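**Q** quick one, what's the 3D model for this:
(one chain, ligands or ions: 1)
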Amino acid sequence: MLVADGLAKSYGRTRVFADVTFTVGRGEHFLVLGLNGAGKTTLLRILAGVIDADAGSFRPGANVEIGFYAQEHEDIRNGVTVLDHMRERANGLADRDLRAVLGHFGLTGDAAHQDAGTLSGGEKTKLALARLVVSRANLLLLDEPTNNLDPQSREAVLAALQHYKGTIVLVSHDTEFVASLEPERLLVMPDGQVAFFDEDALDLVELA
Ligand code: ADP
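**A** Numbers count the residues shown, from 1 in each chain. Take a look at the predicted model:
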């Protein structure tokens, strides 16, 4: 789905990472680990095309559509309803189907007609993820998707992502969430080592 080769990024004289090389396979759950400041968000922003790398290249595979979940929810706008946000990404899905997806994420009933600008942080997270799931994206880049979520919403997000058939590149410190998504491999930033995921790696998730 993705081939990244020799990616590097610095801010001024501070090198965040250099020579990061990896591939992500179809349908894979690929975890990105690292301490605070290791460059996890920076890497996802590069893969999403939000910022450019200083060196190296990355190439999405043929027919890969990338969907990016960032923590800031910049793409959720005041004055536009929840359902209208879904319609923008819906590929012709009927409202009934869109409302069903919202329901999976715990946004039920009248929430569909609420001004998205008035949603809580956790509800915006749910809407942003629901939009990604109905979009054409078959490669999701998820940056800490369970931050700000109460336990019930976290369960809803987890269940929805477990049904998602596409590929996921995930940044998360949430040990239980990571374990439930069963990543196949992990990338450790800023060094860029790639390893298979196992139980021992869960200790790193908490630390990193
Ligand atoms: P992580 O997601 O692993 O916590 P980040 O990718 O957010 O790390 O940040 C990596 C480093 O790059 C940090 O030291 C951060 O301060 C720095 N950084 C990130 N974005 C910018 C920016 N726009 N300008 C300057 N420094 C930045």
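
**Q** SS state for Ile46?
**A** Look at Ile46: counting by DSSP: H, G, I helix; E, B strand; the rest coil, its state is helix.

**Q** helix, strand or coil: sort out the residue most central in space within the chain for me.
**A** In the chain, the centroid-proximal residue (CA atoms, centre = their mean) is Leu142; its distance is 1.1 Å. Secondary structure state of Leu142, per three-state DSSP, is strand.

**Q** interface residues of this protein facing the ligand?
**A** 11, 16, 34, 36-42 (CB under 6 Å from any ligand atom). Every residue, glycine included, has its C-beta placed from N, CA and C.

**Q** next secondary structure after the helix or strand where Thr42 lies?
**A** In this assignment (DSSP states H and E), Thr42 forms part of helix 40-47. Counting by DSSP H and E, the element after helix 40-47 in chain order, helix or strand, is strand 55-60.

**Q** what mean pLDDT would you report for the helix or strand Val169 falls within?
**A** Using DSSP H and E, Val169 sits within strand 167-171. Taken as a whole, strand 167-171 has a mean pLDDT of 97.

**Q** okay, the angle between it and helix 40-47?
**A** 150 degrees (axes from the mean of the first three to the mean of the last three CA atoms, to 10 degrees).

**Q** just list what strand 167-171 packs against, helices and strands only.
**A** strand 29-33, helix 40-47, strand 139-143, helix 175-181 (3 or more CB pairs under 8 Å, 6 or more residues apart in numbering; DSSP states H and E).

**Q** mean pLDDT added to those, as CSV?
**A** As requested, these are exported to CSV (pLDDT from 0 to 100):
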stretch, mean pLDDT
strand 29-33, 97
helix 40-47, 97
strand 139-143, 97
helix 175-181, 95
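
**Q** distance check, Leu102 against Leu149.
**A** To Leu149, Leu102 is 15 Å away according to CB to CB, to the nearest Å.

**Q** run through who's touching stretch 94-107.
**A** Here stretch 94-107 makes contact (CB atoms under 8 Å, 6 or more residues apart in numbering) with 82-83, 86-87, 90, 108, 111-112, 123, 126-127, 129-130, 133-134, 152-153, 156-157, 159-160, 163.

**Q** the same query, at a cut-off of 6 Å, please.
**A** 86, 90, 112, 126, 130, 134, 153, 156, 160 (CB atoms under 6 Å, 6 or more residues apart in numbering).

**Q** how about the helices in the chain?
**A** Applying DSSP state H to the chain gives helices spanning 40-47, 82-88, 95-104, 121-134, 151-163, 175-181, 199-207.

**Q** format those as TSV; extra columns: mean neighbour count.
**A** Shown next, in TSV, are the helices of the chain (neighbours: other CB atoms under 10 Å):
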stretch	mean neighbour count
helix 40-47	23
helix 82-88	19
helix 95-104	16
helix 121-134	22
helix 151-163	16
helix 175-181	17
helix 199-207	13
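
**Q** Arg59 is nearest to which of those?
**A** helix 40-47 (10.6 Å; CB to CB).

**Q** for that closest one, the distance to its chain's centre please.
**A** The chain centre lies 11 Å from the centre of helix 40-47; the measure is CA atoms, centre = their mean, to the nearest Å.
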